[in-house]
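Colleague: After the sequence you'll find the predicted model.
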Amino acid sequence: MTANLAAKDLALTPDLLALPRQSTAEQPTLIGKTREELRTALMSVGVPERQAKMRERQIWAWLYQRGVQDFGAMSNLSKDLRETLAEQFQIGRPEIVTCQVSKDGTRKYLLRIEGGHEVEAVYIPEEDRGTLCVSSQVGCTLTCSFCHTGTQNLVRNLTAAEIVGQIMVCRDDLGEWPEEGGGPSTNKRQLSNIVLMGMGEPLYNFDAVRDAMKIAMDGEGISLSRRRITLSTSGVVPLIARAGEEIGTMLAISLHGTTDGVRDTLVPINKKWNVDTLMQACRDYPKLSNSERITFEYVMLDNINDSDADARRLVKLIEGIPAKINLIPFNPWPGAPYKRSSWSRIEAFAEIVNRAGYASPVRTPRGQDIMAACGQLKSATERARKARPSELS
Ligand code: SAH
Ligand code: SF4
């Protein structure tokens, strides 16, 4: 708003040009642009074509290697160029509304994005890694019956800037942008892994997810190996092969049921692409090998999908696919229609899977005290709206 007024005033009263120029949310952001788009943007503000490649590389490194938030800090650019960039563009991140820290060290960020919408990202520190769980949409078009996000309609897709912005916000918060001359190797990084397992179905926001992950993997920037990034899908079959080819990260499939009957209720997209079709897409996934296995996620719901027969069917279904099975104890949320399977049931299920030769780690629920575990995310504005008594009737 202020910026629109300022722009109008500037056109009418040239003496105001002396005022310091500040980035505003109304200016287009350079974050989230592909390298080609960044180059085009630079040329559009007068950077000569012969310099564009070099400038693009310099700015890329400032943005993604050093995490600067101010064009003024880009010391290898001329003062004029820095000023032009500050007038024309911005490099801000989503605003942190709250950062809740669990007693187990998990950090849940509530972020405000353009339009006043809110999304959540969760950082999970472990001994050998630190994983950021990233959202791809505000809400979700799908309605998986055990998932809190699934009770919220899709508000909108996130832009590539907002997806990559979640990584940048987390690195800001962890104080992890390296000083000049390089930083710690990936192994020692606090933020070493990314999972696209926050709010939303990543394959229904394909282009933005692809562009954001390319940025996260770029060797002259955030530089995370593609093996440290996992994209989780509920089973958007026609886009699975394309994800392998164009994004190339590790793949996780939210299976959760071994028969069409059960999966139809838990993951309703199954009515469109059923279990057999999904398993075929997994068999055809480019890059599939013993060192690059597909992870099958399986939420443990009391008396719904957790019998010995289910475990045996699961093993049969994935026969021949290089796979890991990730058993996720159901994480409850207010009003959820399911209960978590008992620990003895989860153990018995895991035992059958293990005996068939598959690793089946049980995912320890993290950040439970702050509702940060898998499937508990939902935009706080939406929660608040629903909770207002006048709207409950
Ligand atoms: N939309 C994508 C990614 C986000 S969900 C997908 O569905 O794959 C990440 C994982 O958490 C999915 O396997 C999802 O099924 C699971 N999940 C959702 N709600 C859950 C809950 N309440 N408890 C445990 N896992 C849940
Ligand atoms: Fe959407 Fe995934 Fe939740 Fe299903 S489990 S509603 S696809 S976020």
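Modeller: That came through fine. Numbering: from 1, shown residues only. Ligands and ions are numbered 1, 2, ... in the order given.

Colleague: Write out the residues of this structure neighbouring ligand 1.
Modeller: Near ligand 1, the residues belonging to the chain are 144, 146-147, 197, 200-201, 232-234, 254, 297, 299, 328, 330-331, 374-376 when assessed by Cβ under 6 Å from any ligand atom. Where C-beta positions appear, they are placed from N, C-alpha and C, glycine not excepted.

Colleague: Just the ones of those in strands?
Modeller: Cross-referencing the residues of the chain next to ligand 1 with the strands (criterion: DSSP state E) gives 232, 233, 254, 297, 299, 328 as the overlap.

Colleague: What residues are bridge-paired with the third one?
Modeller: When bridges are called by DSSP bridges, residue 254 pairs up with residue 297.

Colleague: Could you chop the chain up by domain?
Modeller: Using automatic domain parsing, the domains assigned to the chain come out as 30-88, 95-392.

Colleague: okay if I get the ones you listed as CSV plus mean pLDDT and mean neighbour count?
Modeller: Compiled in CSV, the domains of the chain are given as follows (pLDDT from 0 to 100; neighbours: other Cβ atoms under 10 Å):
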stretch, mean pLDDT, mean neighbour count
domain 30-88, 97, 16
domain 95-392, 91, 18
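
Colleague: which one of those domains lies closest to ligand 2?
Modeller: Nearest to ligand 2 among the domains of the chain is domain 95-392; the distance by Cβ to the nearest ligand atom comes to 2.9 Å.

Colleague: where exactly do the helices run in the stretch 201-350 of the chain?
Modeller: Per DSSP state H, counting those that start in this stretch, the stretch 201-350 of the chain has helices spanning 206-217, 240-246, 260-266, 275-283, 308-317, 343-355. These are given in chain order.

Colleague: In CSV: those helices, plus distance to residue 179.
Modeller: Output for these, formatted as CSV (distance: least, Cβ to Cβ, whole Å):
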stretch, distance to residue 179
helix 206-217, 21
helix 240-246, 34
helix 260-266, 48
helix 275-283, 43
helix 308-317, 48
helix 343-355, 44
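
Colleague: Select, out of those, the one closest to residue 369.
Modeller: Of all these, it is helix 343-355 that lies closest to residue 369, at 19.2 Å by Cβ to Cβ.

Colleague: gap between that closest one and the chain center?
Modeller: For helix 343-355, the gap between its own C-alpha mean and the chain's C-alpha mean amounts to 30 Å (Cα atoms, centre = their mean, to the nearest Å).

Colleague: and that helix with helix 308-317, angle?
Modeller: Counting by axes from the mean of the first three to the mean of the last three Cα atoms, to 10 degrees, helix 343-355 points 30 degrees away from the direction of helix 308-317.

Colleague: which other residues reach helix 343-355?
Modeller: Identification of contacts with helix 343-355 by Cβ atoms under 8 Å, 6 or more residues apart in numbering yields 300, 302, 306, 308, 310-312, 314-315, 325, 327, 329, 341, 360, 362.

Colleague: In terms of helices and strands, where is residue 55?
Modeller: Applying DSSP states H and E as the criterion places residue 55 in helix 49-60.

Colleague: just the angle between that helix and helix 206-217, please?
Modeller: Orientation check (the same axes, to 10 degrees): helix 49-60 against helix 206-217 gives 80 degrees.

Colleague: which helices and strands does helix 49-60 pack with?
Modeller: For helix 49-60, the contact count by 3 or more Cβ pairs under 8 Å, 6 or more residues apart in numbering; DSSP states H and E identifies helix 35-44 as packing neighbours.

Colleague: helices and strands around the helix it packs on, which ones?
Modeller: Counting by 3+ Cβ pairs under 8 Å, 6+ apart, the elements that helix 35-44 packs against turn out to be helix 49-60.

Colleague: so how far is the following helix or strand past the helix it packs on from its chain's centroid?
Modeller: Per DSSP H and E, helix 49-60 leads on to helix 79-88 as the next helix or strand towards the C-terminus. Distance of helix 79-88 from its chain centroid, counting by Cα atoms, centre = their mean, is 31 Å.
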